[in-house]
Each structure stands twice: as C-alpha cells, then as structure tokens.
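> Below are the sequence and a predicted model for it; my questions follow.
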Amino acid sequence: MSEKQPILDVRDVSLHFGGVRALSNVAFQVNRGELFAIIGPNGAGKTSMMNCISGRYSPTQGRIFFKGQDITGLPANRRTEVGIGRTFQNLALFGHMTVLENIMVGRHHLLRNNFLTGSLYWFTGARDEELAHRRAVEEIIDFLEISPIRKATAGTLSYGLRKRVELARAIALKPDLILLDEPMAGMNQEEKEDMARYIVDLNEEWGMTVIMIEHDMGVVMDISSRVMVLDFGQRIALGLPDEVINDPYVRKAYLGEDDTPDEPLPPPSVPPELAAVAEANAARRAAR
Ligand SMILES: Nc1ncnc2c1ncn2[C@@H]1O[C@H](COP(=O)(O)OP(=O)(O)OP(=O)(O)O)[C@@H](O)[C@H]1O
C-alpha cells in the first residue's frame, strides 16, 4: 500500500433495516495516521457506520476498502486479522475474568500453537510464542497504566477502568486501524482526560489510525484531525474540527442553532446538495 493511499475508503455505503435508512450513500476516506471523529445526533447512523467497517453489518449497497483491499464481504473475524480493531458503545468485557485474561483473549487468534501442540510445548516454538505474547500484553498494561489491577476481576472495576481494559483488549492485536465507539461515555472529567491522552498517544506514538465516535465536543475539537458529521444517515459535513463546528449548516442541523435569522447564511463549507439535506433534516427534527 502506498503512503498516499487512504487506509480506509468508504464508497457510497447505504444500510437499510426494512424501511429504516440507517445510512444513505455515505462516502469518506481516512488517511493513515489520522484521528478521525464521527459525530451526529442520536440515531444519525454513527454506530451503523462503525459496524459496516468492522464487519458486524453488511452494507445494503456500496463498498469498503481497507489498505487497498475490498473488504466489503469479509467476515468480522477476518477483518480483525487484516488489522481492524474495535471497542463497543456498551462494554463487552468478560466480567468474571481478570484484566490480564481479558487482554490475553484479545490476542487469542494470534496464537499459532494451541492445546493440540501443548504436549510439544518445548519443541514447536509454543514457548517462544507465549513469551512474545506475554511481552506484548505487558507493554499494553504499562502503556494504559493498569498494572495495579491486572489480577482484578473485570466485573468489579469502576466503569472508567473497565473502559480502559476494553481499550487494552482492542489494542492487544496491534491493529492498524482502531474503531472507538464512544470511548468516554459515562466517564467523569478526570477519566475523560486520561482516556483522551491514551487515544492521542496510541495515535501519535503507536502510529494507530483512529476512528472515534464521540459526543463530547470538547474532546472532539481538542484531539481530532478531521471530523465527519452524520445526520439521518447522511454525511452533512466533513473537514477540520474548526471548519465543521463553525459551519452554520452543521450548527443548525446538529446543534439545533440558528443564530443568523436576519441574514442569509454565508456559503456553506459543505457542498450545496449536502447543505440542502441538512436544512431538510433540521425541518424534520423540528416537526418531531
Ligand atoms: N439492528 C438494527 N435493526 C434495526 N434498526 C437499526 C439497527 N441498528 C440501527 N438501527 C437504526 O438505524 C438508525 C441509526 O442507528 P445508529 O445506532 O447507527 O445511530 P447512532 O448515530 O449510532 O446513534 P446513537 O448516538 O444513539 O448511538 C436508527 O434509526 C436505528 O434505530
């Protein structure tokens, strides 16, 4: 893959559930090394988009390319193998297992050797492999500063710590692209600041490309390189955080603001057809 090629290329993806259009012709590209945020009101299609990228859902229409490969039909477990990791909006940890075990589970499919080769532990390279796994897990534990809780049962931890352990498990495979679905939801300010720092470090120091759904606009503005706004399953804006948040059409559609009642709106930074969508959506919302 060339450096210039986007790591992810989403081409005109639509996703329908019966009559519900969760996504309509959404297209965007994410470059290697970006920290890309997806924002939008409840039900806008953000999680649906993540699920299409991770393979949980198959788009009704459109294609998704990752590192130049068409992954549209690839099952979710194969997407993990090609380098896509994810966390979930609602925690998906094994509550009865320890922190260490949860992270080891994240690396499980990397183990070439398993119980069948167990008896040949010393001869098949299984021992070297296990040591390499342990080193990788230790590196993650250090990075996320969870060493003191390594033996704690995941279900007994605070919500903020469980979110951090979930992140640890998702990065255990060292994915090239990590999808974070509301990584700071339910956290207090201090936990949010910690999580934001880990995400930035993952991106800058570990070189992981990040796509993040986040409702906290302060965090989005602070750490994202670019932001895409979805509304009613449609992309209504895409650009630098400042551009997007100051776009009057986004403010109107997403934040429900209209602070320019007496003057015509300035030309939108989004294409006119998307601005029209934003206008129509704002009207739909007002009529609800
Ligand atoms: N499995 C499903 N079956 C039916 N409808 C679904 C399913 N998943 C999502 N939808 C619908 O698709 C639309 C988009 O939902 P989605 O969860 O992607 O939005 P979202 O932007 O992530 O919202 P939130 O911020 O509330 O999580 C909604 O109308 C939702 O009800």
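Noted; the coordinates are in hand. The shown structure was predicted, so the numbers you read here are calculated from the model rather than taken from an experiment.
> contacting residues for D216?
184, 192 (C-beta atoms under 8 Å, 6 or more residues apart in numbering). Where C-beta positions appear, they are placed from N, C-alpha and C, glycine not excepted.
> Would you point out the helix or strand in the chain whose mean pLDDT is lowest?
helix 272-287 (a mean of 60; mean pLDDT, DSSP states H and E).
> count of neighbours near K252?
Applying other C-beta atoms under 10 Å, we find 21 residues neighbouring K252.
> again, but for A27
A27: 12 neighbours (other C-beta under 10 Å).
> What residues does the stretch 1-150 of the chain have near the ligand?
Within reach of the ligand by C-beta under 6 Å from any ligand atom, the stretch 1-150 of the chain has these residues: 17, 20, 22, 40, 42-48.
> which stretches of the stretch 151-288 of the chain have low pLDDT?
Applying pLDDT under 70 to the stretch 151-288 of the chain picks out residues 253-288.
> Point me to the helix or strand that includes the closest residue in space to G40 that isn't next to it in sequence.
Ranked by C-beta to C-beta, 6 or more residues apart in numbering and with sequence neighbours excluded, the top spatial neighbour of G40 is L230, at 3.8 Å. For L230, the element it lies in under DSSP states H and E is strand 226-231.
> quick one: the helix or strand that that strand is followed by to chain centroid distance?
For strand 226-231, the following helix or strand on the C-terminal side (DSSP H and E) is strand 234-239. Relative to its chain's centre, strand 234-239 lies at 17 Å (C-alpha atoms, centre = their mean, to the nearest Å).
> Who are the packing partners of strand 234-239?
strand 20-30, strand 226-231, helix 248-253, helix 272-287 (3 or more C-beta pairs under 8 Å, 6 or more residues apart in numbering; DSSP states H and E).
> can you give me the helices in the stretch 1-150 of the chain?
Using DSSP state H, counting those that start in this stretch, the helices found in the stretch 1-150 of the chain span residues 46-54, 76-82, 99-107, 126-143.
> For the ones you listed, state which one has the densest average packing.
helix 46-54 (a mean of 23; mean count of other C-beta atoms under 10 Å).
> re earlier: same list, the helices of the stretch 1-150 of the chain, but as a markdown table with mean pLDDT please.
Below are those laid out as a markdown table (pLDDT from 0 to 100):
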| stretch | mean pLDDT |
| --- | --- |
| helix 46-54 | 96 |
| helix 76-82 | 91 |
| helix 99-107 | 83 |
| helix 126-143 | 84 |
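> P6: which of those is closest?
P6 sits nearest to helix 46-54 of all the helices of the stretch 1-150 of the chain, at 12.7 Å, using C-beta to C-beta.
> chain center to that closest one: distance?
8 Å.
> And stretch 29-42, by the same measure?
8 Å.
> Now do the buried residues in that stretch.
29-30, 32, 34-41 (16 or more other C-beta atoms under 10 Å).
> related to what we said a few turns ago, from what I see, the residue nearest to G40 and G43 are in contact.
No. The criterion here is C-beta atoms under 8 Å, and L230 misses it with G43 at 9.7 Å.
> the more surrounded of these two?
L230 (27 against 14).
> On the strand side of things, show who that one bridges to.
Taking DSSP bridges, one obtains R235 as the residues bridged to L230.
> Bridged to the closest residue to V30 other than its chain neighbours, which residues?
Leaving out its chain neighbours, the residue that sits closest to V30 by C-beta to C-beta, 6+ apart is L8, at 4.2 Å. Under DSSP bridges, the beta-bridge partners of L8 are V30, F66.
> count of residues packed around L8?
The burial count for L8: 23, using other C-beta under 10 Å.
> That one against M228, yeah?
No. L8 is not in contact with M228 according to C-beta under 8 Å; the separation is 11.7 Å.
> mind listing what G233 touches?
Contacts of G233 by C-beta under 8 Å, 6+ apart are 15, 21-24, 26, 44-45, 48.
> Looking at those, point me to the pair that's furthest apart.
Across the contacts of G233 (C-beta to C-beta), the longest gap, 12.4 Å, separates L15 and A44.
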